[in-house]
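In: Model the structure of this input:
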Amino acid sequence: MALGRIIELARVKYFQEHRKDDPSCSGFKPEDILKVDPKDLNMRVLEGKPRPLFDHSKFHVSKSSLQTYDTCPYKFKLQDIQKTPSTKPSTHLDFGGTIHEMIDSLMKEDPKNIPTKEKAMQKLKEKLVFRAFQSSNEEQYHITRGEAIIENYLKWRANNKNEILDTEIWIDFEFEGVKIKGKVDWLEKNPNGEYEVVDFKTGKCPQSQSEVEEGLELYVYARGIEKKNEYGKLPVKASLYFIEADKQVAIDLDEDKVKKVFDEKIKGLIQDIMAEKFDPRPDNYECGRCKYLPICDAGKSAV
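Out: Got it, this is the predicted structure:
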């Protein structure tokens, strides 16, 4: 029954394509419809193997997505593979992005001079993403936070003796057959002619020295700078500057230290991602603030 329907539909298609040169469909051969090229078969399905969730040949990761996977592979799957939307407000992301855009814009306009507080505040208000704010009170709260951040940033700039080279630098390099991409907030050169990387953080709670040492992002940024032709060498220092708390946490870098993180941490994460290991990793704190908690049973059981 089903086979006859397939042949019937194929004959209709043949007639539509040959109604002028072969209206009687004398050239139509049902046996041709039944021919199967094994190359066209998805043997993975017949063997019980699932289709890949993503195109492994074109896939890339960032320092953020690697950190997400390290925290919870299931969140990585939802966010970075399936692009699952979330209804949770993104106020903190909008605010953080606004601060980064403000700093970059001020630097691009006048890289040699420290801006005034008035100019920085004006730039902040131009860059603010208002759609995430639930009320005018919330908007004003973040403007006030922004003012405090600007004051700390300007003080930090005044005390920084290094030469600023560039901001918002795109990096793109390959490791374990996978592209690693990202953006470095700030690159400077110290009096000894060595590079130093700074990443700005707008969260209220700064990380400890050990947390920064054990993280991934500064090592990714350092390797990315080294891989860029215009720089070509590894930074000797990288730091997270928590602007609102006015706390800068720095780590010293060398080839052995960076290589160890890539070989012992990042390599395993990439291998597990490419093996599509996306089981949830429930944690009371992380699940409690996860934007996917409403659709994650494992997360609900942890909070």
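In: remind me which residues of the stretch 201-303 of the chain are low pLDDT?
Out: Applying pLDDT under 70 to the stretch 201-303 of the chain flags no residue at all.
In: what about the strands in it?
Out: For the stretch 201-303 of the chain, strands defined by DSSP state E, counting those that start in this stretch occupy the ranges 237-242, 247-252.
In: Highest mean neighbour count out of the ones you listed?
Out: Most buried of the strands of the stretch 201-303 of the chain by mean neighbour count (mean count of other C-beta atoms under 10 Å) is strand 237-242; its value is a mean of 22. The C-beta positions use only the backbone N, C-alpha and C, and glycine is treated the same way.
In: In CSV, list the C-alpha atoms belonging to that one.
Out: Provided in CSV are the C-alpha atoms of strand 237-242 (Å, rounded to 0.1, in the frame of the first residue of the first chain):
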residue,chain,number,x,y,z
LYS,A,237,50.6,38.5,34.0
ALA,A,238,46.8,38.4,33.8
SER,A,239,44.3,39.7,36.2
LEU,A,240,40.6,40.1,36.9
TYR,A,241,39.7,43.6,38.0
PHE,A,242,36.4,43.6,40.0
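In: Now do that strand: which elements does it pack against?
Out: strand 195-201, helix 217-227, strand 247-252 (3 or more C-beta pairs under 8 Å, 6 or more residues apart in numbering; DSSP states H and E).
In: Quick one: closest of those to Met121.
Out: Ranking these by proximity to Met121 (C-beta to C-beta) places strand 195-201 first, at 17.2 Å.
In: What pairs with the closest one, parallel or antiparallel?
Out: strand 178-189 (antiparallel), strand 237-242 (parallel) (DSSP bridges).
In: can you give me the angle that strand makes with strand 247-252?
Out: Inter-element angle recorded for strand 195-201 and strand 247-252: 140 degrees (by axes from the mean of the first three to the mean of the last three C-alpha atoms, to 10 degrees).
In: just so I know, which of the strands of the stretch 201-303 of the chain lies nearest Arg281?
Out: strand 237-242 (23.6 Å).
In: which residues are contacting the closest one?
Out: Outside strand 237-242, the residues that touch it by C-beta atoms under 8 Å, 6 or more residues apart in numbering are 156, 190, 194, 196-201, 203, 205-207, 212, 217-219, 221-222, 247-253.
In: Could you report the separation of Lys267 from Asp21?
Out: 61 Å (C-beta to C-beta, to the nearest Å).
In: Also Gly193?
Out: For Gly193, the distance to Asp21 - C-beta to C-beta - is 77 Å.
In: what's the spacing between the helix or strand containing Glu8 and its chain's center?
Out: Assignment of secondary structure by DSSP states H and E places Glu8 within helix 2-18. Computed by C-alpha atoms, centre = their mean, to the nearest Å, the separation of helix 2-18 from the middle of its chain amounts to 48 Å.
In: now stretch 99-107
Out: Using C-alpha atoms, centre = their mean, the offset of stretch 99-107 from its chain centre is 20 Å.
In: Pull out the buried residues from the contacts of strand 237-242.
Out: Using 16 or more other C-beta atoms under 10 Å as the burial test, these include 156, 196-201, 206-207, 212, 217-219, 221-222, 248-251, 253 as buried.
In: mind listing the helices in the stretch 1-150 of the chain by residue range?
Out: Using DSSP state H, counting those that start in this stretch, the helices found in the stretch 1-150 of the chain span residues 2-18, 30-33, 43-46, 63-71, 73-76, 91-109, 117-127, 136-159.
In: Go through the first one and flag the buried ones.
Out: Spelled out, that is helix 2-18. Ala10, Tyr14.
In: Need the CA coordinates for that helix. PDB is fine.
Out: Extracted in PDB, the C-alpha atoms of helix 2-18 (Å, rounded to 0.1, in the frame of the first residue of the first chain):
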ATOM      1  CA  ALA A   2       2.700   2.500   1.100                       C
ATOM      2  CA  LEU A   3       5.000   1.300  -1.800                       C
ATOM      3  CA  GLY A   4       2.200   1.900  -4.300                       C
ATOM      4  CA  ARG A   5       1.600   5.400  -3.000                       C
ATOM      5  CA  ILE A   6       5.300   6.200  -3.400                       C
ATOM      6  CA  ILE A   7       5.300   5.000  -7.000                       C
ATOM      7  CA  GLU A   8       2.100   7.000  -7.700                       C
ATOM      8  CA  LEU A   9       3.600  10.200  -6.300                       C
ATOM      9  CA  ALA A  10       6.800   9.600  -8.300                       C
ATOM     10  CA  ARG A  11       4.700   9.300 -11.500                       C
ATOM     11  CA  VAL A  12       2.900  12.500 -10.700                       C
ATOM     12  CA  LYS A  13       6.300  14.300 -10.300                       C
ATOM     13  CA  TYR A  14       7.500  12.700 -13.600                       C
ATOM     14  CA  PHE A  15       4.400  14.000 -15.400                       C
ATOM     15  CA  GLN A  16       4.900  17.500 -14.000                       C
ATOM     16  CA  GLU A  17       8.500  17.600 -15.200                       C
ATOM     17  CA  HIS A  18       7.800  16.000 -18.600                       C
END
